[in-house]
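Visitor: 3D, please:
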Amino acid sequence: MEIPLLSDIVIILGLAVIVILLFQRFKLPTILGFLATGVIAGPHGLSLINALHDIEILAEIGVILLLFIIGMEFSLKQLAMIKRTVLLGGTVQVLATIGLVALVMVLLEFNWGEAVFMGFLISLSSTAIVLKLLQDRGEINSPQGRVVLGILIFQDIIVVPMMLLAPLMAGGSENVGASLLLMALKGAFVIVFVLISARYLVPRLLYLVAETKSKELFILSVVVICFAVAWLTSSLGLSLALGAFMAGLIISESEYSHQATSNILPFREIFTSFFFVSIGMLLDFNFLLQHLPVILLFTLLTFLLKGIVATLASRMLQYPLRVSLLVGLSLFQVGEFAFILSKTGINNGLLSEETYQYFLSVSLLTMGVTPFVMGSYRKLADLIARPFSSVQEPMPFAQQSKELHGDLPELDDHIIIIGYGINGRNVAKAARYASIPYVIVELNAATVKNERKIGEPIVYGDAVHPMILSHINIHKARVVVIAISDPEATKRIITTIREISEKVHIIVRTRFLQEMEENYRLGADEVIPEEFETSIEIFTRTLNKYLMPRDEIEAFTQKIRSDNYEMLRSLATKRHADVAKLSVELPDIEVATLRVFTKDSDIIGKPLLESNIRNKFSTTVVAIKRKEQVILNINADTKIERGDLLYVVGKPSDVLRFNNFLKE
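Guide: The predicted model follows:
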């Protein structure tokens, strides 16, 4: 018996494999490959698919699972850390975009309901494409990455109330007040249900399921929760997508959320691929060609409008123009949630077929050009910001005050710390401990304001500008530490510093080994890649657990370092930092293997009772390896000889002190 849906699935997935392989060769996002697959296989392309309705059902399941995962990954605690960016930046970007798009649509003689709904659609950007590109470029923790992430989180949340408002905007109810009240009551019921379920019901249920240690039962329970809540909200007249998001929120507050996410993720990837393929199928390629000039005009208008609005939103968060432009050039496209929302608009008569085709064409074009724009968005941002580079940028919508640029002490022979993340904070702490003067340059205005209140010498600014560096006396500094998570900005800062001063010592923190050579070429004196140092720390601790002698471990790590980057001159400092780090993170008692190098007559050849090691070093010798012999029966008369391996027990600091003595 032939199953039409099965053949369609084979055609879609098989064609998707070929198209995505081709797209990957040109380093294009997978999502664009799925959209292209839909265009090719759809009714407006080669008409390869027969069971369109069944494919749409699979796509709907993909939407449910997509929003379910978003809900599970949505953490109120993480949101609180960037709440200002999410609330202020996201609100400005979404509301301003809706207002401007609605104004344009009204001028084009659309009614206000249709105009505002089109504003809803255009205001949403592509979370999947933008975050993937930022992750690939290693910029997710850069200033522009943090702003983009915050705004995208707000967009993902605001799409839910947009879905609820769409039926009211369509004028489907004669009594708008009653409809709003009914919607509020339904929303309140859903919120109460979510809170009770998240607090009492679901954690208890998942605990009972987890106790069975049945993976199959756990997956089944999570899927049932997802579709049951989606079905409940759909029964109340709300959307399936809203229910899926709420189901994710219910599970996100339990300790089982990570396991649930990992179990559902493979299903989501399969079903969301059908969603993007189904979107591609809806595009009428002939319509695109026939109206190409108008569609290109609308695409350019969308690019400019969304880019300018996102730039202004970032400026309101008090980021420099260059960073704000990078944000604008990241969020100009129309995103995948707009496609989900558009179906609500079609069902409620807010989008005509012609308008929908214009929307699809513009959306797919903006998504298609996003990888190319973000591939060169730094050059574009520099080009736009160049006329303003010679003047001090005014703080947008706020006065420059002592909270951000307060009076600094006289700076001479000081350390300049660029970036106040974990690395920057540790450098500042060490400088403060050693009574070395220092100053910090940071792009996050909220961080600057808070740190100045507690007395940190910190200024707001972008260190790529010579004016900022001159303000902190770069020509008098001894050391500059660049500790930011933006590799491209790091290179520009090194170049700018070297244009001002050749004598200052530049130490750079990078993420990856391949970034070292370019930073050295631009003028850095020392480059410390986190990737490499982390690997050394990992195998050092691993070898310690196998009781390899410390001197051999240290010799090995020194050999690795010298082979990979001989220009690093801070090995001793790094080693001491590692020891200090171990003393904090490891237990108070340490078992270690130490080699005896010393010729000290107080130790060599004398019984342990006379050498008094336990009292002098607070360390106990529990075993000795001498050549091939292991001495386990340690007593007061046991003697230590040069070259022995001592197995000792003590506090990490005492073991280190004893180890240093044995080396002398």
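
Visitor: please, which helix or strand holds Ala28?
Guide: Quick fix: residue 28 is Leu, not Ala. Taking DSSP states H and E as the criterion, Leu28 maps to no regular element, lying outside all helices and strands.

Visitor: which non-adjacent residue is nearest it?
Guide: Beyond its immediate neighbours in the sequence, the residue positioned closest to Leu28 (C-beta to C-beta, 6 or more residues apart in numbering) is Pro371, lying 5.7 Å away. C-betas here are computed from N, CA, C, even on glycine.

Visitor: ditto for Gly187
Guide: Leu164 (7.0 Å).

Visitor: hang on, the earlier thing: contacting residues for the residue nearest to Leu28?
Guide: For Pro371, the contacting residues are 27-29, 32, 129, 133, by C-beta atoms under 8 Å, 6 or more residues apart in numbering.

Visitor: same check on Ile191?
Guide: Applying C-beta under 8 Å, 6+ apart, no residues contact Ile191.

Visitor: and Lys639, by the same measure?
Guide: With contact set as C-beta under 8 Å, 6+ apart, Lys639 has these partners: 605-608.

Visitor: out of those, which one sits closest to Leu52?
Guide: Distance ranking of these against Leu52, using C-beta to C-beta, places Leu608 first at 84.9 Å.

Visitor: from what I can see that closest one touches Ile631, true?
Guide: No. Leu608 sits out of contact with Ile631 when judged by C-beta atoms under 8 Å, with a separation of 11.4 Å.

Visitor: mind checking which of the two has more residues around it?
Guide: Using other C-beta atoms under 10 Å as the criterion, Leu608 and Ile631 rank with Leu608 on top: 19 against 15.

Visitor: nearest residue to the more buried one other than its sequence neighbours?
Guide: Leaving aside its chain neighbours, Leu608 sits nearest to Thr638 (5.3 Å; criterion: C-beta to C-beta, 6+ apart).

Visitor: do a quick rundown of the helices in the stretch 551-664 of the chain.
Guide: 571-585, 608-611, 613-617, 652-663 (DSSP state H, counting those that start in this stretch).

Visitor: could you tell me the least trusted of those helices?
Guide: Comparing mean pLDDT over the helices of the stretch 551-664 of the chain, the weakest stretch is helix 571-585, at a mean of 38.

Visitor: and the strands in the stretch 451-600 of the chain?
Guide: For the stretch 451-600 of the chain, the strands defined by DSSP state E, counting those that start in this stretch cover 458-460, 479-482, 505-510, 526-529, 590-595.

Visitor: what residues are up against the closest residue to Glu442 other than its chain neighbours?
Guide: When the adjacent residues along the chain are set aside, Glu442 lies closest to Tyr420, with 4.4 Å between them (C-beta to C-beta, 6+ apart). For Tyr420, the residues meeting the contact criterion (C-beta under 8 Å, 6+ apart) are 428, 440, 442, 444, 447, 451, 458.

Visitor: overlap in contacts, Leu608 and Ile631.
Guide: Both Leu608 and Ile631 are in contact with Thr638, where contact means C-beta under 8 Å, 6+ apart.

Visitor: so how far is Trp112 from Val106?
Guide: Relative to Trp112, Val106 is positioned 7 Å away (criterion: C-beta to C-beta, to the nearest Å).

Visitor: same check on Phe193?
Guide: Noted for Phe193: a distance of 33 Å to Trp112, by C-beta to C-beta.

Visitor: between the two, which one's more packed in?
Guide: Applying other C-beta under 10 Å to Phe193 and Trp112 shows that Phe193 carries more neighbours, namely 16 against 11.

Visitor: got the domain ranges for the protein?
Guide: 4-26+50-172+186-383, 402-524, 540-663 (automatic domain parsing).

Visitor: wait, a helix at Gln318?
Guide: No. With DSSP: H, G, I helix; E, B strand; the rest coil as the criterion, Gln318 is coil rather than part of a helix.

Visitor: just confirm it contacts Ala445, I think it does.
Guide: Yes. Using C-beta under 8 Å, Gln318 makes contact with Ala445 at a distance of 3.6 Å.

Visitor: neighbour-wise, which of those two wins?
Guide: When neighbours are counted by other C-beta under 10 Å, Gln318 and Ala445 differ, and Gln318 comes out ahead with 21 against 17.

Visitor: how close does the more buried one get to Val148?
Guide: 16 Å.

Visitor: with Leu646 instead?
Guide: In this view, Leu646 and Val148 are 55 Å apart by C-beta to C-beta.

Visitor: where in the stretch 151-300 of the chain is pLDDT low?
Guide: In the predicted model, the stretch 151-300 of the chain carries pLDDT under 70 at residues 171-177, 179-180, 237-239, 253, 258.

Visitor: so which elements touch the host helix or strand of Leu249?
Guide: Element membership of Leu249 [criterion: DSSP H and E] is helix 240-252. Helices and strands touching helix 240-252, by 3 or more C-beta pairs under 8 Å, 6 or more residues apart in numbering; DSSP states H and E, are helix 52-73, helix 143-169, helix 176-196, helix 202-211, helix 215-235.

Visitor: just checking, Gly42 touches Ile49?
Guide: Yes. With contact taken as C-beta under 8 Å, Gly42 and Ile49 are classed as touching, separated by 6.7 Å.

Visitor: between the two, which contacts overlap?
Guide: Between them, Gly42 and Ile49 share the neighbouring residues Met281, with contact defined by C-beta under 8 Å, 6+ apart.

Visitor: thinking again about what came up before, following the chain onward from the helix holding Leu249, which element is next?
Guide: Downstream of helix 240-252, the first helix or strand assigned by DSSP H and E is helix 257-282.

Visitor: neighbours of Asn426, how many?
Guide: Applying the criterion other C-beta under 10 Å, we find 14 residues in the vicinity of Asn426.

Visitor: and the gap between the nearest residue to Ser252 once chain neighbours are set aside and Trp112?
Guide: Counting by C-beta to C-beta, 6+ apart, Met72 is the residue found nearest to Ser252 once chain neighbours are left out, at 4.8 Å. If you measure Met72 against Trp112 using C-beta to C-beta, the figure is 37 Å.

Visitor: now swap in Leu297 and tell me
Guide: Computed as C-beta to C-beta, the Leu297 to Trp112 distance reads 23 Å.

Visitor: any idea how far Leu168 is from the nearest residue to Ala166 once chain neighbours are set aside?
Guide: Computed as C-beta to C-beta, 6+ apart, the closest residue to Ala166 that is not its neighbour in sequence is Thr344, at 4.6 Å. From Thr344 across to Leu168, the span is 12 Å (C-beta to C-beta).

Visitor: which one of the two is surrounded by more residues?
Guide: The neighbour count for Thr344 versus Leu168, taken as other C-beta under 10 Å, is higher for Thr344 (22 against 15).

Visitor: Ile474 contacts Glu502, doesn't it?
Guide: No. The pair Ile474 / Glu502 is not scored as a contact, 11.4 Å apart, by C-beta under 8 Å.

Visitor: out of these two, which sits in the busier spot?
Guide: Neighbours were tallied for Ile474 and for Glu502 using other C-beta under 10 Å; the higher tally belongs to Ile474 (21 against 8).

Visitor: contacts only, for that one.
Guide: 416, 480, 497, 500-501, 504.

Visitor: lowest-pLDDT helix or strand in this structure?
Guide: Here the helix or strand of the chain ranked lowest by mean pLDDT, DSSP states H and E is helix 571-585, holding a mean of 38.

Visitor: check the residue nearest to the spatial centre of the chain and give its pLDDT.
Guide: Most central in the chain under C-alpha atoms, centre = their mean is Ile140, positioned 4.3 Å from the mean C-alpha point. At Ile140, the pLDDT value in this model is 70.

Visitor: got it, and the one 10 residues further on?
Guide: For Gly150, the pLDDT comes out at 84.
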